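Engineer: have a look at this fold, sequence not included:
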């Protein structure tokens, strides 16, 4: 049977078209991030969609708190901020410094030619235009509460290409925290969380680091629902009158260090008032200075340790005493 030349050309054309379409569809299969031809697509904590075309090999981290997470999931940085408190993972000690978290040396960052910069939301927004104009992707990240810790472990492991590692660490933290919370007695306990600096004393709300840990332990924060300060969404103004009215069972004090200036502020604003001595927590010696490495900033991978520390202060009969 003879087939016309015109029909043969038509069939060949259809076959070629199908091959081309198949090839295109294979090359454009979305990756796990849902982006064609990209390694990862992330919506950061500022609501920005950041697409990483390939696995980042040269990462610059602008906050020391992020270093712990990155190295915990076997990632590496080519640039990091300096730290006056020494909170640098041993493996990152030799990584070049790019200034400090509040004073980043942009020229140094750009000179490292990173393919990703992990920045701190609320501090580094102003750096984005310059970095992006140099074709450097920027992720704005915060690690504030418990959920942030587990979420960021998973995110950083996705960036580093070690997803199982991040998921394993997140599960371990969740299991440790859940085990502590499961043993919390079912009895009402009121707490007040004072934040003292050399300049002022404020009261922390539920969304602060310490407040969120207290909430997980089912403690009643006497400041819960209070109006936050315009300058600090995690705190409300200190009022001894309200403190006396609520009469908390426990009082926690969070400070950045405890030098003479902070001590004088506490004595002047708090302890000098006779009403302070009338508080049940003061009379029962239930006023506790919390360690800043666990409660001033996010404790990171030590979050279960922070939860257990507070649990021991509130319920020593269940969790034992703080050593």
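Structural biologist: Ah, there it is. Note that the structure is predicted; figures quoted are calculated from it, not measured.
Engineer: so where is the stretch 151-300 of the chain shaky, pLDDT-wise?
Structural biologist: Within the stretch 151-300 of the chain, no stretch has pLDDT under 70.
Engineer: mind listing the strands for it?
Structural biologist: Counting by DSSP state E, counting those that start in this stretch, one finds strands in the stretch 151-300 of the chain at the ranges 190-196, 201-204, 220-221, 235-237, 250-255, 287-289.
Engineer: look up how far residue 291 lies from residue 258.
Structural biologist: Between residue 258 and residue 291 the computed distance is 10 Å (CB to CB, to the nearest Å). All C-beta spots, glycine's among them, are computed from the backbone N, C-alpha and C.
Engineer: brain fart, residue 321
Structural biologist: Separation of residue 321 from residue 291 (CB to CB): 15 Å.
Engineer: pick out whichever of these two has more residues nearby.
Structural biologist: residue 291 (15 against 8; other CB atoms under 10 Å).
Engineer: does the more buried one touch residue 313 like I think?
Structural biologist: No: assessed by CB atoms under 8 Å, residue 291 is found out of contact with residue 313, at 11.0 Å.
Engineer: and residue 82, which of the strands of the stretch 151-300 of the chain is closest to it?
Structural biologist: strand 250-255 (22.8 Å; CB to CB).
Engineer: what angle do the closest one and strand 190-196 make?
Structural biologist: If you take axes from the mean of the first three to the mean of the last three CA atoms, to 10 degrees, strand 250-255 sits at 20 degrees to strand 190-196.
Engineer: hmm, who's touching strand 250-255?
Structural biologist: For strand 250-255, contacts defined as CB atoms under 8 Å, 6 or more residues apart in numbering pick out 189-197, 204, 210, 214, 219, 262, 266, 279, 281-282, 286-290, 292, 295-296, 310, 313-314.
Engineer: just stretch 161-175 next, same as before
Structural biologist: Contacts of stretch 161-175 (CB under 8 Å, 6+ apart): 55, 72-75, 149-151, 153-158, 301, 303-304.
Engineer: switch to 6 Å and redo it
Structural biologist: Stretch 161-175 is contacted by residues 55, 73, 74, 150, 153, 154, 157, 304 when judged by CB atoms under 6 Å, 6 or more residues apart in numbering.
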